[in-house]
Structures are given as structure tokens and as C-alpha cells.
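Visitor: Just a sequence and a predicted model for now, questions to come.
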Amino acid sequence: MHDLVLVGGSVLTDAGLRTTDVAVTDGRVTAIGRELGESREIVECSGAWVGPGFVDLHTHLRDPGHEWREDIGSGSAAAAAGGYTALVAMPNTDPPIDAGHLALRISDEARRVGKVAVVSAGCLTMGRGGERMAHLDDLWSAGVRLFTDDGDSLQNVAVLRSVMEYVAQLGGVVSQHALDADLSGAGFMHEGSVSSRLGIYGIPRQADDIVIARDIAIMRMTGVRYHVQHLSTAGGVALVAAAKAEGLPITAEVTPHHLMFDHTAVMSTDSNFKMMPPLREESDREALVEGLRSGVIDAVATDHAPQSAVEKDVPFEHALNGVIGLEWAASVVNGVVSLDQDVFFDRMSITPAAIAGFTDHGRAVAVGAEANLVVFDPNVRWTPTSTRSRSRNAPYLGRELTGRVEVTILGGAITYGGEL
């Protein structure tokens, strides 16, 4: 007898898309086909997409040090509700994740919670200070494969070169928060017509593009695998496209909020539209959507960034940056970008898993594979009104979305099922 059978979904299998059933026993996919026999539990998937659970390259779990915003338990619950089975946690915590024992603590706690697999990214520099390399060997031994000082761009090019050379030898990925500190430091939103109308200091597109161009030049010197975080500009998309055409090992991500909104959303001065990099112009948003469709942009990453009410319910300029998005990322991508099923799973699961180095996630459904799966209905319309996160800084609450996660499965166990 099977533990679980998913019945009648459109399944992304290792042999392509099939409308079929999937049986799970002892944590693994044990059969694909029709009339698979008795099961302890049956999930009806008619009209839904079944595929590998989503993988997020860019989640802020705020643990350790800022657990009043989020912790591993609440972040894992939000991730499971969003169809995620694996996350990369950002290292800008307190203390920063610049040594192996700190990274191990995060993955161990996530394993105890049991809703999503979590690996930590490791800092590029000690304390994210931008001056001395972090304990890269120690982090690598702890399972870290992606390195970033996220929250800050590593400005010192000499240090960046050294880090890139070292990470290249290890075989890891350098992931950069591509935003020049000097150009962006005085700004709160995109520099353009809306910032002028509101009288708010702006951040020009060049703050992103300069860092991306500089880092591509250093990548050529070092041969490191390089990943651009949260693209926000058309110029950034063009730089990534040119580097890929050159054959450089570059990948890039885009967030749901940069796909859905542009800087006109800030006219409301709602701090839930304050993030870094900021929302850009409609031409930038369109370039990001097209970049994701074409594959120039490899992955969707949430940049899930919980902030408490007291940190957001203040005048726009004083509010902390960031929005949460794990629970609604798939819905936003489905509704805004309208990807075919196979491309949808590639951008949400398969490619981000490959970038992060997950081996049991982001795989098309196959007999013998670990059952890390999601059931996603692409047609249902719904309006989220609550969240499993400890924070509510989301521009999606109260907004109608298209497509919803129905069931999430980690290691054969249902970690989420039903409406939020």
C-alpha cells in the first residue's frame, strides 16, 4: 500500500509533461501511472500542476538575532504554504554567518522544524564588514555553497577579487547585492518622476548597473560562478544577457515584487512598497518580465524580508526596507509572467536548486527520487488576507492573485495543504 497518491494532475516527469498519478511511499516517488493501487491518503490534483517543490535562493529568516521579525519556525511555515521545499537563508543575521558552526545551527534547526530544508548562505567577509575574507573553508565544510554579504554590496574590489578567486577554487557561487552604496546611500526609492513629485531622494538605475558591470569584469579575471541578486533594471538585464552571450558563468534572479509593481506604487507612500533595490519604472519591469520568460534571468527569488509593524508603520523615509513574499511568489509569477508549466517549474525550482547545489530538490518527478513536491492550481483566483510569517509587511495582502499552492510535500510528508 502506498502512503500517498496524487491523482490526475499535469505532472512534470523526467519524461516530460503527463496527466497521470504519482505514488509516494517511505518518502520517495514509487510509481507514476494510472490505477496505482491502494493508498493511505489520496490528493485530488485534477486541473493542477504537479512538480518539484519550489526552491528559494534568497530568504531572510532573521534567525539568529532578529526573531521578533521572523524565526526559522515561522519562516518555514510561510515557505511551506508557498510551495517551497528548500531555501537558502541569507547571512545578514546577528551574528552574521561568517563561520561554519553558525551555518550548521540554521540547517539543524530547520531539520528539527521539519517543514522545509534550509541551508545558509555564508558571508563573503568577516562580519559583513567588507575588509577581511570570512572563514570560507569552514563554511564550505558546513555545506555552504553560496556566498554573499547580502544587505550590502562588497565595495572593495581587491577583497572581492580575492574572495572570487577563493570561492572559484572551492567550486561555489559568489552572490552579490548589486547596489552601489555611494549612489544609493541617500535615497529611499527610484530616482524618477515619482520621487520628484513626492520630494523623496531617489536612487538612480546606475547604482545597480555599475556594480553588475564591475563584478562581471572581476568574474572574467577569476572564473568564479557569479549570481546577481534581485535584478531591478533593464540595464542590468542587458548586462547579464551580454555576459551569458560571452559564455561567462553568470546567473541572475528577480523578485516577485519587481515583476508585479513599478515605482508608481510608491505614490501611496505605503512602506510595504519600500524595498532595496527599489521598484523601478514600467520599462524596467517589462524588461524583467521578458528576461524571466527568455531565460536571461534564471530564477525567481523572493528576497522575503520580514520587518515588524513598528519598523514599517512609520513615514516612508524612516521605514526599514523589505517585503515578505514566500507565500505568494508562485501566484505572482503565474499571474504576471504567464509561463508554461515546464518553464514555470524551471524558474521556480529546477534552476534555483542547481544554482544553490541542492541535489534532492528541483528535480522533475521520477521513480526513486525523494518526494519533494508541490501541487499548484494555476487557474484559481484568490485574495490572501493573512500570513504565517511573524511580520505582515506584504503588498499582496488584500490583492487578488491568480494561481495557488494547494499541497506541499517534503520527504513524502504533507507540510501544507488547504487554503491560507
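Guide: Good, I have the coordinates. Numbers count the residues shown, from 1 in each chain.

Visitor: Adjacent strands (with direction) for the helix or strand hosting residue 404?
Guide: In the assignment (DSSP states H and E), residue 404 maps to strand 401-410. In the sheet, strand 401-410 lines up against strand 373-382 (antiparallel), strand 413-417 (antiparallel) (DSSP bridges).

Visitor: of all the ones you listed, which lies closest to residue 75?
Guide: Closest approach to residue 75 among those (CB to CB): strand 413-417, 13.0 Å. To be clear about C-beta, it is placed using only N, CA and C from the backbone, and glycine gets the same treatment.

Visitor: And the closest one, how far out from the chain middle?
Guide: Taking CA atoms, centre = their mean, to the nearest Å, the mean C-alpha location of strand 413-417 is offset from the chain mean by 20 Å.

Visitor: For that strand, output the C-alpha coordinates as PDB.
Guide: Only the C-alpha atoms of strand 413-417 are listed here, as PDB (Å, rounded to 0.1, in the frame of the first residue of the first chain):
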ATOM      1  CA  ALA A 413       5.100  14.200   4.200                       C
ATOM      2  CA  ILE A 414       2.500  16.900   3.600                       C
ATOM      3  CA  THR A 415       3.800  20.100   5.100                       C
ATOM      4  CA  TYR A 416       1.000  22.300   3.700                       C
ATOM      5  CA  GLY A 417      -2.500  21.500   2.400                       C
END
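
Visitor: mean confidence for it?
Guide: The average pLDDT within strand 413-417 is 97.

Visitor: Of all the residues in it, which ones are buried?
Guide: Across strand 413-417, burial judged by 16 or more other CB atoms under 10 Å covers 414-416.

Visitor: ok, now stretch 179-192?
Guide: For stretch 179-192, a neighbour-count test (16+ other CB under 10 Å) marks 179-180, 183-184, 187-192 as buried.

Visitor: Show me the domain layout of this structure.
Guide: Under the assignment automatic domain parsing, the domains of the chain span 4-49+368-417, 53-356.

Visitor: can you map out the helices along this protein?
Guide: 72-81, 100-113, 136-141, 157-170, 181-184, 193-198, 206-222, 234-245, 256-260, 282-294, 309-312, 329-337, 341-345, 351-356 (DSSP state H).

Visitor: and residue 51, how many neighbours does it have?
Guide: Neighbourhood size, residue 51 [other CB atoms under 10 Å]: 29.

Visitor: Which residues are in contact with it?
Guide: By CB atoms under 8 Å, 6 or more residues apart in numbering, the residues touching residue 51 are 11-12, 341, 345, 349, 364-365, 373-374, 376.

Visitor: Just the buried subset of those residues, please.
Guide: Buried among these by 16+ other CB under 10 Å: 11-12, 341, 345, 349, 364-365, 373-374, 376.

Visitor: Sketch out the low-pLDDT regions of the chain for me.
Guide: 418-420 (pLDDT under 70).

Visitor: hang on, the earlier thing: pick the most deeply packed of the domains of the chain.
Guide: Stretch with highest mean neighbour count among those: domain 53-356 (a mean of 21; mean count of other CB atoms under 10 Å).

Visitor: gap between the two ends of it?
Guide: Domain 53-356 stretches 14 Å from its first residue to its last (CA to CA, to the nearest Å).

Visitor: related to what we said a few turns ago, out of the buried residues of stretch 179-192, give me the two with the largest separation.
Guide: Spatially, the most separated pair among these is 180 and 192, at 17.3 Å (CB to CB).

Visitor: related to what we said a few turns ago, give me the angle between the strand holding residue 404 and helix 329-337.
Guide: 150 degrees (axes from the mean of the first three to the mean of the last three CA atoms, to 10 degrees).

Visitor: For residue 369, list the residues it contacts.
Guide: Taking CB under 8 Å, 6+ apart as the contact definition, residue 369 lies against 28-29, 360, 363.

Visitor: Closest to residue 101 out of those?
Guide: Taking CB to CB as the measure, residue 101 lies nearest residue 360 of the contacts of residue 369, at 23.7 Å.

Visitor: who does the residue nearest to the closest one when sequence neighbours are not counted bridge with?
Guide: The shortest distance from residue 360 to any non-neighbouring residue, by CB to CB, 6 or more residues apart in numbering, is to residue 370 (4.4 Å). Going by DSSP bridges, residue 370 is paired in beta bridges with residue 28.

Visitor: i'd like the first residue to be 19 from this point on
Guide: In the new count, where the first residue is 19, that last one comes out as residue 388.

Visitor: so residue 388 touches residue 377, yeah?
Guide: No: using CB atoms under 8 Å, residue 388 makes no contact with residue 377, being 9.1 Å away.

Visitor: my guess is residue 412 contacts residue 405, does it?
Guide: Yes: between residue 412 and residue 405 a contact is recorded at 6.4 Å, counting by CB under 8 Å.

Visitor: joint contacts of these two?
Guide: Common neighbours of residue 412 and residue 405 (criterion: CB under 8 Å, 6+ apart): residue 342.
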